[in-house]
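J.: model the structure of this input:
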Amino acid sequence: MIRLLRPLVRGATYTRFLHLWVPMAALSVWLWVAPGLPWVPLVALVPVGLIPAVRVGEGVQARLLLTPREAEPDFSVRPATAWRDRWRTVLWLEARMLLGWVTAYATVWLPILSYALASQAVGHVTEDLPVLADAAPHWAYALLVPVPLIALYALVVGVGELTTVLARRLLGPSAAERLTALEERTEQLLERTRIARELHDSIGHALTVAVVQAGAARAANSPEFTDRALGAIEETGRAALEDLERVLGVLRESERPVSARPTLTDADRLLESARASGAKVDAEVTGPVETLPGPVSREGYRILQEALTNVLRHAGAVPTRVSVRVVDGALALEVRNPLPDARADPGRGSGLRGIRERAALLGGRALTGPDAGDWQVRVELPAG
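T.: Next up, the predicted model:
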């Protein structure tokens with residue numbers, strides 16, 4: 001019994017009821033203007049549902065009113081791009097109007113029927129309802145008074161559940177929208193992984209150096225050693241602050257949608273930034289870069305960014321050759337620079353591993369390492 005009454009204390013029961021009543025406001029106005037043409041609103045919903053932006057409004061309403069307790073309900077909040085999604089929106093509007101009409105009718109007449117039964121039970125003849133117009137008053141009608149109210153309760157709860165199921169089917173994301181959402185999620189995971197690697201390598205290293213140097217200076221109890229230790233801490237801390245600012249820049253940028261992220265068409269600003277840092281960058285771009293698929297172009301930009309950052313970090317202001325070639329929609333990207341000092345180790349850290357992971361994610365490959373006296377980063381990404 002308690003389980004059957006549980007929907008009475010759920011907020012979703014009442015928000016779903018409100019959701020079904022919303023279209024009845026427009027329908028009631030129309031029925032007041034033209035009571036003999038109740039089918040016109042159903043016909044008018046067809047061109048309305050074909051408007052791409054209508055799907056956004058319906059998706060937002062479904063999220064707020066049909067599933068208010070779900071953090072990420074499975075409703076699309078994007079404009080319809082395919083005709084299939086537009087017709088799904090039309091079908092949803094028609095179903096919502098019909099279900100709303102059934103709910104509104106039952107909400108009005110079932111309580112009236114319950115009141116009429118109670119009146120018959122106490123001896124008052126009810127002439128307004130044809131079903132009871134010829135019935136003689138009798139106390140037994142009191143036993144039927146709860147029946148319309150129970151039917152109303154079952155109808156409101158049942159139609160609310162049915163509306164939610166239909167909304168998930170008709171307003172749920174299409175295959176293309178699911179792919180877009182998956183792409184956004186993949187991009188976010190990539191950036192989070194990269195941020196974690198950068199923080200671990202740069203900030204963790206700086207803190208380790210600072211702790212070791214401070215402990216050694218305290219143990220040595222020598223002013224000269226303390227000065228050298230403070231200098232090392234200052235230099236390491238300055239480098240860590242630069243890395244932290246760069247990582248925070250990536251974090252702030254991750255709030256933007258995937259479609260707004262930089263692509264290889266924005267590579268000029270990377271090259272100019274490297275040149276401003278002192279590197280002599282000779283760049284060659286061949287092929288229609290703007291025709292690359294979105295994920296390939298975005299990942300290509302990130303790979304080029306990481307490769308140039310590694311050049312500046314490990315080799316300094318050295319001559320660098322950058323080649324970006326697009327052939328049959330596939331991308332071949334290469335960055336070459338003279339090998340750094342023997343004491344440097346350009347293969348250590350998470351930057352090169354991140355390049356390889358990005359390439360593998362898109363079904364490509366990445367080659368990094370010494371080649372003919374140079375350090376090279378060569379990446380090939382397929383069109384698909």
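J.: list the contacts for the closest residue to residue 381 other than its chain neighbours?
T.: Nearest residue to residue 381 in three dimensions, chain neighbours excluded: residue 364, at 3.9 Å (CB to CB, 6 or more residues apart in numbering). Yep, even glycine has a C-beta here, placed from its N, CA and C like the rest. Contact analysis of residue 364 by CB atoms under 8 Å, 6 or more residues apart in numbering lists 331, 379, 380, 381, 382.
J.: any idea how far residue 5 is from the first one?
T.: So that's residue 331. Relative to residue 5, residue 331 is positioned 62 Å away (criterion: CB to CB, to the nearest Å).
J.: the two: which has the busier surroundings?
T.: Legend: neighbour count by other CB atoms under 10 Å for residue 331 and residue 5, higher for residue 331 (26 against 9).
J.: isn't that one up against residue 324?
T.: Yes - using CB atoms under 8 Å, residue 331 is in contact with residue 324, at 7.4 Å.
J.: quick one: what helix or strand has the residue positioned nearest the centre of the chain in it?
T.: By CA atoms, centre = their mean, the chain has its centre lying nearest to residue 181, at 5.6 Å. Counting by DSSP states H and E, the element that carries residue 181 is helix 175-198.
J.: now do the next helix or strand after that helix against helix 175-198, angle only.
T.: Using DSSP H and E, the helix or strand that directly follows helix 175-198 along the chain is helix 204-220. Orientation check (axes from the mean of the first three to the mean of the last three CA atoms, to 10 degrees): helix 204-220 against helix 175-198 gives 20 degrees.
J.: restrict helix 204-220 to CA atoms and write it as PDB.
T.: Extracted C-alpha coordinates of helix 204-220, given in PDB (Å, rounded to 0.1, in the frame of the first residue of the first chain):
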ATOM      1  CA  GLY A 204      55.900  17.900  -8.400                       C
ATOM      2  CA  HIS A 205      59.500  18.300  -9.600                       C
ATOM      3  CA  ALA A 206      59.700  21.900  -8.300                       C
ATOM      4  CA  LEU A 207      58.300  21.000  -4.900                       C
ATOM      5  CA  THR A 208      60.700  18.100  -4.600                       C
ATOM      6  CA  VAL A 209      63.700  20.300  -5.400                       C
ATOM      7  CA  ALA A 210      62.500  23.000  -3.000                       C
ATOM      8  CA  VAL A 211      62.100  20.500  -0.100                       C
ATOM      9  CA  VAL A 212      65.500  18.800  -0.800                       C
ATOM     10  CA  GLN A 213      67.400  22.100  -1.100                       C
ATOM     11  CA  ALA A 214      65.800  23.600   2.000                       C
ATOM     12  CA  GLY A 215      66.600  20.500   4.000                       C
ATOM     13  CA  ALA A 216      70.200  20.400   2.800                       C
ATOM     14  CA  ALA A 217      70.600  24.100   3.600                       C
ATOM     15  CA  ARG A 218      69.400  23.700   7.100                       C
ATOM     16  CA  ALA A 219      71.700  20.700   7.700                       C
ATOM     17  CA  ALA A 220      74.800  22.400   6.200                       C
END
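J.: which is the next helix or strand following the lowest-mean-pLDDT helix or strand in the chain?
T.: Lowest by mean pLDDT, DSSP states H and E among the helices and strands of the chain is helix 130-133, with a mean of 64. As assigned by DSSP H and E, the chain's next helix or strand after helix 130-133 is helix 146-170.
J.: what does that following helix contact?
T.: 7-8, 12-13, 16-17, 19-20, 62, 66-67, 74-75, 88-89, 91-92, 95-96, 99, 102-103, 106-107, 110-111, 113-114, 117.
J.: same question, stretch 314-328
T.: With CB under 8 Å, 6+ apart as the criterion, stretch 314-328 contacts 264, 267, 271, 274, 277-289, 291-292, 300, 304, 308, 311, 331-340, 344-346, 375, 383.
J.: just those: which are in strands?
T.: With strands taken from DSSP state E, the overlap with the contacts of stretch 314-328 comprises 280-286, 331-338, 375.
J.: for PyMOL, what selects the buried ones among those?
T.: A single PyMOL command is used to select the members of the ones in strands among the contacts of stretch 314-328 judged buried by 16 or more other CB atoms under 10 Å:
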select buried, resi 281+283+331+332+333+334+335+336+337+375
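J.: circling back to that earlier point, show me which of the contacts of helix 146-170 are buried.
T.: Among the contacts of helix 146-170, the ones that count as buried by 16+ other CB under 10 Å are 7, 12-13, 16-17, 19-20, 62, 66-67, 75, 88-89, 91-92, 95-96, 99, 103, 106-107, 110, 113-114, 117.
J.: gap between the helix holding residue 181 and the chain center?
T.: 9 Å (CA atoms, centre = their mean, to the nearest Å).
J.: against which helices or strands is that helix packed?
T.: helix 223-253, helix 294-310, helix 351-361 (3 or more CB pairs under 8 Å, 6 or more residues apart in numbering; DSSP states H and E).
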